[in-house]
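**Q** with the input below, show me the fold.
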Amino acid sequence: MQHSHRFRWPCVRVLELNALAIAFLSTAAVVEAQYATPPISLGQTYFVATNTFDGFFAPGPQAGQQGPLELLAAEAELTGHENLGVQLSDGSATEQHWNQGGADESQNPTKVALRTGGVDVLMMSPIGEGQDGDVELFGDLLSETNIQGRILVQNSWSDTSEGDPDAVNWGTIQNWIDRLHAEDGDLESLRTQLEGINQRAGRDVAFVVPIADAVHRLRQEVQLGNVPGIDRQSDLFDESTGQPASAIVNLAAYVWFVVMYRQPADGLMALVDLDDPTSFAREQVLEQIAWDVSFNESMAGVQVSMLWPNGVRTTHDLLHRMSLERQGRSGEEHSGHN
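**A** Residues are numbered from 1 along each chain as shown. Below you'll find the model as predicted:
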């Protein structure tokens, strides 16, 4: 059964639209969509195997606090969403996670959790943007222990600014994106690895969480001045540690939410800082980026087919229709004042 959901038109790059269209898209451009893969409406149990650089989105239950992903799931009323645990290691590759405990699997929290059969989602954040060691071993183990389980693999972003985030420009970031998406690039390499897991399982088990695309897109939007409250690239990072600051942390949480639950995070307020007057508008930008990159990633599992209004077949047609409708409303308002 297909489910319908209303959402703003995705995949629109700021440079491709004029200011009128952008403003209209953010408020009124709503089209019907049907999900080829229906949104997941039941809370997911998940386990995280990651490193300290990428583990910011989901502190373990032993930490006694809720991470941003928990806050989003709670607001979305996804009953049953539960973090079962975190296996965290500094700068760790997946091989280190697989080998932890050696022959004694009781000393490997991830394997222990998977063998219970109660893990709906294994979240992994390998080092780098491409393939990373033993992701396949974890994926195969998950597919054996939970016939409906999924492994979601984040591709982290690269940064060649040599410690000075403000040294990059829009073109530099675009080069990172082009390199990531090259036919022989890291993203295609990761997809190939995950497709191998799916082929062995005989079903879709492994999915990409496109964090690299999201962060690169955010950094371009900062360059263009489109992110409220963020004026410089260095505002995206903690000066003392180089770790992501709140904007990237929240963006990552939105992307994980979209891929885990196959639905937009639009309108969720859990991560809005009420003490920051720019926060609400900024979170809207982050939510939209998260949806755009997930919708565009072929292996994110977010598949939607558009039900276009009559006479609309392309994005250009849609923008033209919106412009005409806005002009019509403006004319009616003007007539009402005469």
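
**Q** sketch out the helices for the stretch 101-250 of the chain, chain order is fine.
**A** Taking DSSP state H, counting those that start in this stretch to define them, one finds helices in the stretch 101-250 of the chain at 109-115, 135-145, 170-180, 186-201, 211-223, 246-261.

**Q** between the ones you listed, which one is nearest to residue 81?
**A** Across the helices of the stretch 101-250 of the chain, residue 81 has its closest neighbour in helix 246-261 (8.8 Å, C-beta to C-beta). In short, each C-beta sits where N, CA and C put it, glycine included.

**Q** ok, then the element right after that closest one?
**A** Per DSSP states H and E, the first helix or strand lying C-terminal to helix 246-261 is helix 279-296.

**Q** one step back: which one of the helices of the stretch 101-250 of the chain is the most hemmed in?
**A** helix 246-261 (a mean of 25; mean count of other C-beta atoms under 10 Å).

**Q** remind me what that one packs against, helices and strands.
**A** Here helix 246-261 touches helix 68-75, strand 150-154, strand 206-209, helix 211-223, helix 279-296, going by 3 or more C-beta pairs under 8 Å, 6 or more residues apart in numbering; DSSP states H and E.

**Q** format the ones you listed as a markdown table; extra columns: distance to residue 177 and mean pLDDT.
**A** Output for those, formatted as a markdown table (distance: least, C-beta to C-beta, whole Å; pLDDT from 0 to 100):
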| stretch | distance to residue 177 | mean pLDDT |
| --- | --- | --- |
| helix 68-75 | 25 | 92 |
| strand 150-154 | 17 | 93 |
| strand 206-209 | 15 | 94 |
| helix 211-223 | 5 | 93 |
| helix 279-296 | 10 | 94 |
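
**Q** TSV for these, including distance to residue 245?
**A** Listed next are those as TSV, based on distance: least, C-beta to C-beta, whole Å:
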stretch	distance to residue 245
helix 68-75	13
strand 150-154	18
strand 206-209	20
helix 211-223	11
helix 279-296	12
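
**Q** closest to residue 178 out of those?
**A** Nearest to residue 178, of those and by C-beta to C-beta, is helix 211-223 at 10.1 Å.

**Q** name the helices or strands packed onto that closest one?
**A** Under the contact rule (3+ C-beta pairs under 8 Å, 6+ apart), helix 211-223 is packed against helix 170-180, helix 246-261, helix 279-296.

**Q** what are the C-alpha coordinates of that helix, in CSV please?
**A** In CSV, the C-alpha atoms belonging to helix 211-223 read as follows (Å, rounded to 0.1, in the frame of the first residue of the first chain):
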residue,chain,number,x,y,z
ILE,A,211,26.2,13.1,5.3
ALA,A,212,29.1,14.2,3.0
ASP,A,213,26.7,15.6,0.5
ALA,A,214,24.7,17.4,3.2
VAL,A,215,27.8,19.0,4.8
HIS,A,216,29.2,20.1,1.4
ARG,A,217,25.8,21.5,0.5
LEU,A,218,25.5,23.4,3.8
ARG,A,219,29.0,24.8,3.3
GLN,A,220,28.0,26.1,-0.1
GLU,A,221,24.9,27.7,1.3
VAL,A,222,27.1,29.4,3.9
GLN,A,223,29.2,30.8,1.1
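
**Q** give me the angle between it and helix 246-261.
**A** Using axes from the mean of the first three to the mean of the last three C-alpha atoms, to 10 degrees, the direction of helix 211-223 lies 140 degrees away from that of helix 246-261.

**Q** let's have the chain start at 18 instead
**A** With the count now opening at 18, the last piece we talked about shows up as helix 228-240.

**Q** quick one: low-confidence parts of the stretch 168-317 of the chain?
**A** 175-180, 257-259 (pLDDT under 70).

**Q** let's see it at 90
**A** 171-189, 193, 196-197, 200-204, 206, 210, 254-263, 266, 283-284 (pLDDT under 90).

**Q** quick check: buried residues in stretch 299-319?
**A** 299-312, 314, 316-319 (16 or more other C-beta atoms under 10 Å).

**Q** sorry, back to before: of all the helices of the stretch 118-267 of the chain, which lies closest to residue 85?
**A** helix 263-278 (3.6 Å).

**Q** send the alpha carbons of that closest one over as PDB?
**A** Extracted in PDB, the C-alpha atoms of helix 263-278 (Å, rounded to 0.1, in the frame of the first residue of the first chain):
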ATOM      1  CA  SER A 263      25.700  22.600  16.300                       C
ATOM      2  CA  ALA A 264      24.600  23.400  12.700                       C
ATOM      3  CA  ILE A 265      26.400  20.300  11.400                       C
ATOM      4  CA  VAL A 266      25.300  18.200  14.400                       C
ATOM      5  CA  ASN A 267      21.700  19.100  13.700                       C
ATOM      6  CA  LEU A 268      22.000  18.600  10.000                       C
ATOM      7  CA  ALA A 269      23.500  15.100  10.500                       C
ATOM      8  CA  ALA A 270      20.600  14.300  12.900                       C
ATOM      9  CA  TYR A 271      18.000  15.400  10.200                       C
ATOM     10  CA  VAL A 272      19.700  13.300   7.500                       C
ATOM     11  CA  TRP A 273      19.800  10.200   9.900                       C
ATOM     12  CA  PHE A 274      16.100  10.800  10.700                       C
ATOM     13  CA  VAL A 275      15.100  11.100   7.000                       C
ATOM     14  CA  VAL A 276      16.900   7.900   6.000                       C
ATOM     15  CA  MET A 277      15.900   5.900   9.100                       C
ATOM     16  CA  TYR A 278      12.200   6.800   8.800                       C
END
